[in-house]
Structure formats: C-alpha cells, structure tokens
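Asks: using only what follows, build the 3D model:
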Amino acid sequence: MITETVDVSTNDPMAAAIEVFTRRGYDATTVDDLADAVALSRSTFFRRFGSKEEVVFADHDLLLDQVETYLATSPLPPLEAVCAAGRLVFDHHVDRREVSVARFALLHDVPALRDRELITSHRYERAFTRYLRASLAATADREYVSVAFSSAAVALHNAILRRWLLAPAADLAPELRAQLRALVRAFAPTRDQRRREGVLVAVFDPEADRETILESIRQSLG
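Replies: Predicted coordinates for the structure are as follows:
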C-alpha cells in the first residue's frame, strides 16, 4: 500500500483533508476534524464542499473549468484539442504528485470514494463529448465520433494515470502523448471515408457530346 506523506504547506484544503484521512482513517475522520484541518467552520465546510467525499475531489471542479476554457479557445483540430485537454489533466496529477498518490491510496481503501471517482471521470467524458458535438463537422457520424472518441480518450488517460500512480517515479507523459496520437489516427479513417464518398470517378467515350456526358454523370450520382 502507498503511504507517501502529503505536504500541506501550500494551505490546500483538499491536501489537508487527504492528510487527515491518511493519518486517522476515512471512517474515523469526522466533518469537524476536516473543518478544523482546513480552518473553516462546520457550516462553511458544508457550503464549500458538501461532504467528506466531495473534499477529496475538490481540485477537479477547478480543473474541469480549466479544461472547458482550454477547449473553447484551442486552435487545434477538435480531436487533437481533446487530447491536449487530457494531457492537461494528467500534468495536473503529476505536478501534485504527493497529493495524487495519497488520494490514490485512499481510493484503494474506501469503496465509496472509488464510486465518486467514476462520477468524476464521467464529468470529463461529458465535457469532451459536448465540445466535439459542437466542434466537429455536421456529418452523419458526428454523434458516434463525439461519444466514442471522448470515452476512449478518458479510458486511455485513466489507464496510464493509474500506472503512473503505482510507480510515480516513472515518466509516462511521452507514452500518453503517443497513445493519444494513435487514438486520433484510429479515428482518421472515418474522416477519410467521408472525403472518398464525395469523389466520383467516371470514364467517358472521348467522342461523346456534352449532353451524353452530363446524362452519364446524373445516372452515376443516382
């Protein structure tokens, strides 16, 4: 089990709460304990975080805002923009290594927190899907691509993130970038197929007149 100590010198409420959970145990920690740790009254704690579970994932509200702001302003093609947003999330965890590793250990021990983690992942997936629905070209398969690509990008990110959490000394960012690029390529045939569907190849008699050629094209187009 991972037991890395959390540094709470940054006065981070989430980091302070995780430190208390790690030291006292999740079930043994009360809301009053958490309120004291983050220097808030009990009522203010509830207004800000809502519950013991929510404070463990408090950073994700801000991170989701950052992701949506990035997507709204990114100059990249839509699929690549989603991949860049996924790397932003990964970098957030790496930059906060001690807190991320301690939270991962806590999730391992508390089933309710693992359920809450799934909800958090779905929030990113929904944000990516909304963005792609609004940004991809209006084609027959836009809904499929939006849902499938968002789901695949989140699943790939989470798989590599969990590997890093188990061995946080490893640098898995290059692998994440490579795998996300491969994911974009995997969806490329969908776009290539749309381009091919717009091409008509026809062979004509070089001695045919204009009307004969036009009629042949009309028949080919159905």
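
Asks: where do the helices sit along this protein?
Replies: Secondary structure of the chain (DSSP state H): helices at 13-24, 31-37, 42-49, 52-56, 58-73, 78-95, 97-109, 111-135, 142-166, 173-197, 210-221.

Asks: how about low-confidence regions in the chain?
Replies: Applying pLDDT under 70 to the chain flags the ranges 1-11, 189-222.

Asks: roughly how far out does stretch 160-168 sit from the chain middle?
Replies: For stretch 160-168, the distance from its own C-alpha centre to the chain's C-alpha centre is 16 Å (Cα atoms, centre = their mean, to the nearest Å).

Asks: unless I'm mixing things up, Ala84 is touching Pro75, no?
Replies: No: between Ala84 and Pro75 there is no contact under Cβ atoms under 8 Å: 10.3 Å. Placement of C-beta: from N, CA and C, glycine included.

Asks: more neighbours, these two?
Replies: Neighbours were tallied for Ala84 and for Pro75 using other Cβ atoms under 10 Å; the higher tally belongs to Ala84 (16 against 6).

Asks: ok, the nearest residue to the more buried one once chain neighbours are set aside - how many residues close by?
Replies: Setting aside the residues directly before and after it, Ala84 is nearest to Leu76 in space (Cβ to Cβ, 6 or more residues apart in numbering), at 6.1 Å. Applying other Cβ under 10 Å, we find 13 residues neighbouring Leu76.

Asks: dihedrals phi and psi, Leu76?
Replies: With angles defined as degrees, to the nearest 10, Leu76 shows backbone torsions of phi -70, psi 160.

Asks: I figured it hits Ala85, correct?
Replies: No: Leu76 sits out of contact with Ala85 when judged by Cβ under 8 Å, with a separation of 9.6 Å.

Asks: measure the closest residue to Leu156 other than its chain neighbours to Ala127 for me?
Replies: What sits nearest to Leu156 in space, not counting adjacent residues and going by Cβ to Cβ, 6+ apart, is Gln179, at 5.5 Å. Note on Gln179: its distance to Ala127, by Cβ to Cβ, to the nearest Å, is 20 Å.

Asks: ok, back up a step: for the residue nearest to Leu156, the count of nearby residues, please.
Replies: For Gln179, the neighbour count with other Cβ under 10 Å is 17.

Asks: let the chain start at 51 from now.
Replies: In the new count, where the first residue is 51, that last one comes out as Gln229.

Asks: that one contacts Ala205, correct?
Replies: No: proximity of Gln229 to Ala205 does not meet the contact threshold set by Cβ under 8 Å, at 10.7 Å.

Asks: okay, Arg235 and Ala217: tell me how far apart.
Replies: When Arg235 is compared with Ala217 (using Cβ to Cβ), they lie 27 Å apart.
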